[in-house]
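Peer 1: Any chance you could fold what I've pasted below:
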Amino acid sequence: MSPCSIEFETLQKQQRNCVVGYALTSKKVKSFLRPKLEGLARNKGISFVPIDQNKPLSDQGPFDIVLHKMTGREWRQILEEYRQTHPKVLVLDPPDAIKHLQNRQSMLQCVADMNLSEFYGKVGVPRQLVIKSDASSIPDHVAEAGLRLPFVAKPLINDGSAKSHELSLAYDQYSLWKLEPPLILQEFVNHGGVLFKVFIVGEAIKVVRRFSLPNVTKRDISTNVGVYRFPRVSRAAASADDVDLDPSVAELPPRPLLERLAKELRQRLGLRLFNLDIIREYGTRDHYYIIDINYFPGYGKMPGYEQMFTDFILSLMQQNRKKEEKEKKSDQPYVTRFGL
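Peer 2: Below you'll find the model as predicted:
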């Protein structure tokens, strides 16, 4: 048998020992753990095992990776204790890092702090205002902040629920009292009705186009009154990838910009599984705004996610094994021999 064949067999054997314990909602299991993903994973030596949340986590497994998207203080505490007692198990992702994305006030702060203005385009966040209580005072707060109509109103807490994705478009400040705090108001930026969803899985990036809210004209603002509610800005079924769109609207953001952005945010957020909702300001070629960041988004809606995700799992296992081998070598006694 050739050395290459032996090396390939060794690699295959190493890959056969990857057990991913998952704690996901039933909805997430249905959309993510599809037969095609599980079949491809099995062929690559990866098995997905459900975590029983009615039993102590330490009594289950053994796991190489824990994949989760659950909320609540109790679950965060369970995971943190598990990470302390099982340091070799990789938890995707750290609960405290995920918590940072569950508040839209802090979610976009890391983007606002970045300086990518000279790197293939300008990236920022829309001007926004946080309203924690007292809807009747919203018009006064808006006037003090100097924000311009119309506004997109979003729930302050982004916990992945359907309610956290319910958005409203407010055309006049006299109707703002109809909104329900706690919420965040963002100035609406015209973007041609197309939104770019940038899926990030480790170091891999995939971009898809989704239909979004249409441009708002001055006439719209002068004639429309009130608050219009939408289930969410990006409708998953309404893909804009295969539609004949205006090239100035449909052109994807430059790849180098997205790679730099993803790298910066991975480091700042401490996350490996998230997506960015990005819009391009209408009438410009290089003015981009990040309007939302979501942890462990709907990867099942992304073409080819099965290959992308299983490759990611294998790369993590390879990194872990290299780390373990390095630690073993460093623990070995160093012997010096002296001779004539």
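Peer 1: What residues sit buried inside stretch 191-205?
Peer 2: Residues of stretch 191-205 classed as buried: 191-202, 204-205 (neighbour count, 16 or more other CB atoms under 10 Å). Any C-beta I mention is one placed from the backbone N, CA and C, and that applies to glycine too.
Peer 1: ends of it, how far apart?
Peer 2: From the first residue to the last, stretch 191-205 extends over 22 Å; the measure is CA to CA, to the nearest Å.
Peer 1: same thing with stretch 161-168?
Peer 2: Stretch 161-168: ends 16 Å apart by CA to CA.
Peer 1: Chain neighbours aside, what residue packs nearest to residue 316?
Peer 2: residue 90 (6.0 Å; CB to CB, 6 or more residues apart in numbering).
Peer 1: what is that neighbour paired to in the beta sheet?
Peer 2: Under the criterion DSSP bridges, residue 90 forms beta bridges with residue 65.
Peer 1: That one - how many residues pack around it?
Peer 2: Using other CB atoms under 10 Å, the number of residues around residue 90 comes to 20.
Peer 1: just checking, it touches residue 64?
Peer 2: Yes. Applying CB atoms under 8 Å, one finds residue 90 in contact with residue 64, separated by 7.0 Å.
Peer 1: so what sits against both of these two?
Peer 2: Taking CB atoms under 8 Å, 6 or more residues apart in numbering as the contact rule, residue 90 and residue 64 both touch residue 320.
Peer 1: Domain-wise, how is the chain divided?
Peer 2: According to automatic domain parsing, the chain comprises the domains 3-93+304-317, 101-295.
Peer 1: where's the first one relative to the chain centroid, distance-wise?
Peer 2: Read it as domain 3-93+304-317. Relative to its parent chain, domain 3-93+304-317 has a centroid offset of 18 Å by CA atoms, centre = their mean, to the nearest Å.
Peer 1: All further residue positions should be reported with the first residue as 446.
Peer 2: In the new count, where the first residue is 446, that last one comes out as domain 448-538+749-762.
Peer 1: Skip ahead from the host helix or strand of residue 709 and say which helix or strand is next.
Peer 2: Element membership of residue 709, judged by DSSP states H and E, is helix 700-714. Per DSSP H and E, the first helix or strand lying C-terminal to helix 700-714 is strand 718-725.
Peer 1: before we move on, back to that, so who does the residue nearest to residue 761 touch?
Peer 2: With CB under 8 Å, 6+ apart, residue 535 has these contacts: 509, 510, 511, 761, 765.
Peer 1: same deal with residue 725?
Peer 2: The contact partners of residue 725, taken as CB under 8 Å, 6+ apart, are 636, 637, 639, 641, 694, 696, 698, 732, 733, 734.
Peer 1: now, which of these lie within helices?
Peer 2: Counted as lying in helices by DSSP state H, out of these, are residue 694.
Peer 1: right, and the pair among the contacts of residue 725 with maximum separation?
Peer 2: Comparing all pairs in those by CB to CB, the longest separation belongs to 696 and 734, at 15.7 Å.
Peer 1: the more surrounded of the two?
Peer 2: Under the criterion of other CB under 10 Å, the comparison of residue 696 against residue 734 puts residue 734 first, with 20 against 14.
Peer 1: Nearest residue to residue 528 in space, please, no chain neighbours.
Peer 2: In this structure, residue 528 finds its nearest non-sequential neighbour in residue 536, 5.5 Å apart by CB to CB, 6+ apart.
Peer 1: Compute the number of surrounding residues for that neighbour.
Peer 2: By the measure other CB under 10 Å, the count of residues near residue 536 is 17.
Peer 1: Equivalent analysis for residue 729, please.
Peer 2: There are 12 residues near residue 729, going by other CB under 10 Å.
Peer 1: May I ask which helix or strand encompasses residue 529?
Peer 2: Residue-wise, residue 529 maps onto helix 518-530 under DSSP H and E.
Peer 1: buried residues in that helix?
Peer 2: Residues of helix 518-530 classed as buried by neighbour count (16+ other CB under 10 Å): 521, 523, 524, 527.
Peer 1: show me what contacts the closest residue to the third one other than its chain neighbours?
Peer 2: I take that to be residue 524. The shortest distance from residue 524 to any residue other than its chain neighbours is 5.0 Å, reached at residue 540 (CB to CB, 6+ apart). Neighbour list for residue 540: 520, 521, 524, 525 [criterion: CB under 8 Å, 6+ apart].
Peer 1: ok, now residue 548?
Peer 2: Contacts of residue 548 (CB under 8 Å, 6+ apart): 601, 602, 603.
Peer 1: before we move on, what about residue 718?
Peer 2: 537, 538, 645, 646, 647, 740, 741 are the contacts of residue 718 under CB under 8 Å, 6+ apart.
Peer 1: Identify the residue nearest the last one in space, chain neighbours excluded?
Peer 2: Setting aside the residues directly before and after it, residue 741 is nearest to residue 514 in space (CB to CB, 6+ apart), at 4.4 Å.
Peer 1: same deal with the third one?
Peer 2: What sits nearest to residue 645 in space, not counting adjacent residues and going by CB to CB, 6+ apart, is residue 707, at 5.1 Å.
Peer 1: my guess is residue 702 contacts residue 565, does it?
Peer 2: Yes. Here residue 702 lies in contact with residue 565, judged by CB under 8 Å, at a distance of 4.0 Å.
Peer 1: From residue 742, how far off is residue 605?
Peer 2: Distance, residue 605 to residue 742, by CB to CB, to the nearest Å: 9 Å.
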